[in-house]
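J.: Give me coordinates for this.
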Amino acid sequence: MRTGLKLFGILAMAACAGLAGPVFANCQSPDPTYPVSQCGGPGYFAPAPPGSGTVMAAWWQLGFGNATRSQTTSTVPANGVAKDGRGFVSGGVCTAGLCSAGLIGAPCTVVANCNGFIGNDNGNRSLDPNVALSGMQFGATTGVAGMPATALCFDGANTWNATGIDGCADNNRTGTATGEVKCDSSGTGASCGTGPPYYETACNGAKDDNRLNRYYGPCNGQGFFTLEYQLDAPMGALLKESSGKSFALAFFANTSRGGDANDPGGGSFRMDSLGSGATNKGDANPLVPGRFDIIPWQSIPNPVVTAALSDPNDPHSTRVVGMAWPAVRIVDDGSSRPSTDGTLGTGRTGVGARNQGPLVRHVAERSPLTFPGGGVCSGGVCTAGGASQLGQPCSSNDYCGVNCGTFLAMAGGETTGTSLSSLSVVEDSCLRLRTLFGVKPALTVQSLANAQVGNNGDIGYEVLSKITVLGGNLVSERATLNVAAKNKNAVLFEFASTSELNVTGFEIVGRDANGKDNVIGKVNCKECNSGRGASYSVVLPNADVKGAKSAYVRTQPSGEVSNTLEIK
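T.: Next comes the predicted model:
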């Protein structure tokens, strides 16, 4: 894994130029390659929404993905690592700051840096100078008539045996240190040949058999139906874009063999059947009427946050917080494929996309809030202020002038649903929602034994919501008055709210020459309970201003008041 990120290839192929020679895949023989195809269907991921940033792509095998660690960024021996489809590297040696065994070439200080769970996924696919975006292709280069130019699709040249891939889709459920032994089709375990086809040496041996989910085994051979070899996990694919607003997501199993116990093919992942189920359909395919396999982009879940004081008489008491957000739209192939293999991992009943248990979950996170100041909100984005706020959408300098510390999961703050309630949050906190995709790790310790059955789960495939700031009297629900200017027969007032969680509206309060305050205008809230701030512009006739010399804004129902400006 390159420092910080492994999962995403970049669009600019030039950024990959000059890297050392090819990284070899970890499947154990040159054939089959297990291609992943979509373009020729034809199907595709829809173009990213207008205003999106750079598109980034990741794909992985469910229960076996690790977006936080990979092979080295330079060369790996021709025989690769994690050869048996468990996505785990062992036998590492750290020599003079570099791994001389295991993840060869990776920087290290201890042996553990050279070992561990790297996953079955796109790995360093983007390191191939001939490949962009982790092996996906833009519609403009596919030659498919009618495909949008900026759509993306798997082109079939993207295979599990391609340059830079971590692990292999041919899962080893019971295997050995060296993986599969190549034997002739008799499956007797005595007469190993050069093949193909390749089979295991024993009925109970390693199950990385160079076949994706075949319906027969080596004991009785072709024609003798069994579900024992339904053991290779389905895939997930995730596209994100750098503005942090949108993503696209799909889950799919290997190409169906239709229960054919005479099918000896290696297998592949074709995405033609996406959206073929009664539910979880994609968008309608304009190129193939009746199909719903266009994978849409959708907004990252941003929670509506509500908060109340646990003790209404104590403004510093713990906040009781609720969150609610839109459901993630899942597109899958409707696959449900039972298995009699006993090593599928916790909570899984087969090898279809719908046999993996929940594949989307949400975690509420909190960090402490400090007030360093110096915030600048320019063009609706924080351009100066707290490090956590830079680049965040904003409506006031105050919002940008805070800083959020390290985010940690909150007690009781995880769900597969679309809301959380009764979360206890101390004052001066930052909140956000982390949405995670794939199989939840069944155990906290990453190990070879856990990797073999997919219990290490999927790590690092996620999106983050915008940050909600809870501070001040209740939730930083106050306004900043920026303009109070006379304009012929009217007065222009411009103000912005820092955060709206329990806001019903605002009152513009004028103060006359005698110091008497009068409500001269009322304004409905825009965000109200979203947790986000908003900007307001109000023009009041002189008659309504009632001779006021200065003004301020009062937030309702909290009564928090803004700064005061002279009307001039």
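J.: Point to the residue nearest the middle of the chain.
T.: Glu462 (2.3 Å; C-alpha atoms, centre = their mean).
J.: so where does the closest residue to that one other than its chain neighbours fall, helix or strand?
T.: Excluding the flanking residues, the one nearest Glu462 by C-beta to C-beta, 6 or more residues apart in numbering is Leu436, at 4.6 Å. Glycine gets a C-beta too; all of them are placed from N, C-alpha and C. According to DSSP states H and E, Leu436 maps onto strand 429-437.
J.: List of residues touching stretch 507-517?
T.: Stretch 507-517 has contacts (C-beta atoms under 8 Å, 6 or more residues apart in numbering) with 493, 518-523, 538, 540, 545-554, 556, 561, 564, 567.
J.: For the residue nearest to Tyr536 when sequence neighbours are not counted, which three-state class applies?
T.: With sequence-adjacent residues excluded and distances taken as C-beta to C-beta, 6+ apart, Tyr536 is closest to Phe495, at 5.3 Å. Of the three states, Phe495 takes strand under DSSP: H, G, I helix; E, B strand; the rest coil.
J.: In contact with Phe495, which residues are there?
T.: So Phe495 contacts 479-483, 506, 535-536, 553, 562 (C-beta under 8 Å, 6+ apart).
J.: again, only this time at 6 Å
T.: Taking C-beta atoms under 6 Å, 6 or more residues apart in numbering, we find Phe495 in contact with 479, 481, 536, 553.
J.: Now distance to Asp428 too, for those, in JSON lines please.
T.: Output for the contacts of Phe495, formatted as JSON lines (distance: C-beta to C-beta, whole Å):
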{"residue": "Ala479", "distance to Asp428": "19"}
{"residue": "Leu481", "distance to Asp428": "24"}
{"residue": "Tyr536", "distance to Asp428": "26"}
{"residue": "Val553", "distance to Asp428": "23"}
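J.: buried sites along the lengthiest strand in the chain?
T.: In the chain, assigned by DSSP state E, the strand with the most residues is strand 360-370. For strand 360-370, burial by neighbour count (16 or more other C-beta atoms under 10 Å) applies to 360-367, 369-370.
J.: can you pull the pLDDT of the residue of the chain positioned farthest from its centre?
T.: When distances to the mean C-alpha position of the chain are computed (C-alpha atoms, centre = their mean), the maximum falls on Asn514, with 58.5 Å. Asn514 is assigned a pLDDT of 88 by the prediction.
J.: For Pro264, see how far away it is.
T.: Per C-beta to C-beta, to the nearest Å, Asn514 is found 95 Å from Pro264.
J.: on that earlier part again, out of the buried residues of strand 360-370, which is nearest to Asn403?
T.: Nearest to Asn403 among the buried residues of strand 360-370, counting by C-beta to C-beta, is Thr370 at 5.0 Å.
J.: confidence score at the closest residue to the closest one other than its chain neighbours?
T.: Once flanking residues are discounted, Thr370 sits nearest to Asn403: 5.0 Å by C-beta to C-beta, 6+ apart. In this model, Asn403 is scored at 86, pLDDT.
J.: Was I right to think Asn403 contacts Pro372?
T.: Yes. Contact between Asn403 and Pro372 holds when scored by C-beta atoms under 6 Å: they sit 5.4 Å apart.
J.: which strands and helices sit next to the longest strand of the chain?
T.: Contacts defined by 3 or more C-beta pairs under 6 Å, 6 or more residues apart in numbering; DSSP states H and E place strand 360-370 against strand 408-415, strand 429-437.
J.: of those strands, which approaches Pro49 most closely?
T.: Checking those against Pro49 by C-beta to C-beta gives strand 429-437 as the closest, at 17.6 Å.
J.: Which secondary structure elements does the helix or strand of the chain with the lowest mean pLDDT sit against?
T.: Lowest mean confidence among the helices and strands of the chain (mean pLDDT, DSSP states H and E): helix 397-400, at a mean of 78. Using 3+ C-beta pairs under 6 Å, 6+ apart, the elements in contact with helix 397-400 are strand 376-378.
J.: in the stretch 451-568 of the chain, which segments are predicted with low confidence?
T.: Within the stretch 451-568 of the chain, the ranges that satisfy pLDDT under 70 run 471-476, 530-531.
J.: Now do the strands in it.
T.: 462-464, 468-470, 479-487, 490-497, 505-511, 517-524, 535-541, 550-556, 565-566 (DSSP state E, counting those that start in this stretch).
J.: of all those, which lies closest to Arg319?
T.: Nearest of those (C-beta to C-beta): strand 468-470, 6.1 Å.
J.: Could you check how far that closest one is from the centre of its chain?
T.: 22 Å (C-alpha atoms, centre = their mean, to the nearest Å).
J.: So which bits of that strand are buried?
T.: Of all the residues in strand 468-470, those buried under the rule 16+ other C-beta under 10 Å are 468-470.
J.: Next: stretch 412-426.
T.: So for stretch 412-426, counting by 16+ other C-beta under 10 Å, buried means 413, 420, 423, 425.
J.: That one: end-to-end distance?
T.: In stretch 412-426, first residue to last residue: 15 Å (C-alpha to C-alpha, to the nearest Å).
J.: And stretch 335-349, by the same measure?
T.: Across stretch 335-349, the terminal residues are separated by 12 Å (C-alpha to C-alpha).
J.: Give the rounded mean pLDDT of it.
T.: pLDDT averaged over stretch 335-349 gives 87.
J.: Run through who's touching it.
T.: So stretch 335-349 is contacted by 63, 173, 227-228, 230-231, 253, 350-357, 442, 453-455 (C-beta under 6 Å, 6+ apart).
J.: cool, stretch 299-316 as well?
T.: So stretch 299-316 is contacted by 246, 317-325, 427, 433, 435, 463, 465-466, 468, 473, 475, 501, 529-531 (C-beta under 6 Å, 6+ apart).
J.: Next: stretch 356-374.
T.: By C-beta under 6 Å, 6+ apart, stretch 356-374 touches 62, 251, 323, 328, 347-348, 385-386, 401-407, 409-410, 413-416, 420, 428-437, 439, 471.
J.: Please write out the alpha-carbon positions of that stretch in PDB.
T.: The C-alpha coordinates for stretch 356-374 follow below in PDB (Å, rounded to 0.1, in the frame of the first residue of the first chain):
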ATOM      1  CA  GLN A 356     -23.000 -11.700   2.300                       C
ATOM      2  CA  GLY A 357     -25.200 -10.000   4.900                       C
ATOM      3  CA  PRO A 358     -25.500  -6.200   5.200                       C
ATOM      4  CA  LEU A 359     -23.100  -4.500   2.800                       C
ATOM      5  CA  VAL A 360     -23.700  -0.900   4.000                       C
ATOM      6  CA  ARG A 361     -23.400   0.400   7.600                       C
ATOM      7  CA  HIS A 362     -23.000   3.800   9.200                       C
ATOM      8  CA  VAL A 363     -20.900   4.900  12.200                       C
ATOM      9  CA  ALA A 364     -21.500   8.200  14.000                       C
ATOM     10  CA  GLU A 365     -18.200   9.800  15.000                       C
ATOM     11  CA  ARG A 366     -17.300  12.700  17.400                       C
ATOM     12  CA  SER A 367     -14.300  14.800  18.000                       C
ATOM     13  CA  PRO A 368     -13.500  17.600  20.500                       C
ATOM     14  CA  LEU A 369     -14.100  21.200  19.200                       C
ATOM     15  CA  THR A 370     -11.700  24.100  19.800                       C
ATOM     16  CA  PHE A 371     -12.000  27.700  18.700                       C
ATOM     17  CA  PRO A 372      -8.700  29.000  17.300                       C
ATOM     18  CA  GLY A 373     -10.400  31.700  15.200                       C
ATOM     19  CA  GLY A 374      -9.100  33.100  12.000                       C
END
